[in-house]
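Asks: Predicted model follows, preceded by the sequence.
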Amino acid sequence: MSGPPELPITTNGDVVLVRQQVRTAAAEIGLSLVDQTKIVTAASELARNALVHAGGGRVRIEVVTNGPRSGLRLVFTDNGPGIPDVEQALTEGWSTGGGLGLGLSGSRRLMDEFDLVSAPGEGTTVTVTKWAR
């Protein structure tokens, strides 16, 4: 198998599995309990977004390094309708409902790095990274 595994996000059960896998990986690379909670919360929100807004998607969980530092990068992709207004979607407190109400802006705030690429009709890719302190 080449590269990190991808987990499907097609049911609520998959969202729970994503949370468990992210928590395990975060603990393995030595993220603090606070940072583990942050990345799991963001992962839960992003997985739920893919499920609710795109009818499902997938996530790749990868360990990344930057010199002596280790981090955990999550890449969420879906083939949904895309986000017509990315700026609005990233506005603090903006939500279309459901989820934890954190929305994309809350997920961005919880992570060290956040990148969102989306276009109407072309799906969405959200890449987030949390570095060990």
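Replies: That came through fine.
Asks: quick one, helices of the chain?
Replies: Here the chain has its helices, by DSSP state H, at 12-28, 33-54, 86-89, 103-110.
Asks: shouldn't residue 111 be in contact with residue 130?
Replies: Yes - assessed by Cβ atoms under 8 Å, residue 111 is found in contact with residue 130 at 5.5 Å. C-beta coordinates here come from the backbone N, C-alpha and C atoms, glycine included.
Asks: picking up where we left off before, possible to save the helices of the chain as JSON lines with distance to residue 75 and mean pLDDT?
Replies: Formatted as JSON lines, the helices of the chain follow (distance: least, Cβ to Cβ, whole Å; pLDDT from 0 to 100):
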{"stretch": "helix 12-28", "distance to residue 75": "12", "mean pLDDT": "97"}
{"stretch": "helix 33-54", "distance to residue 75": "10", "mean pLDDT": "95"}
{"stretch": "helix 86-89", "distance to residue 75": "17", "mean pLDDT": "86"}
{"stretch": "helix 103-110", "distance to residue 75": "13", "mean pLDDT": "91"}
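Asks: Between residue 111 and residue 130, which contacts overlap?
Replies: 38, 39, 42 (Cβ atoms under 8 Å, 6 or more residues apart in numbering).
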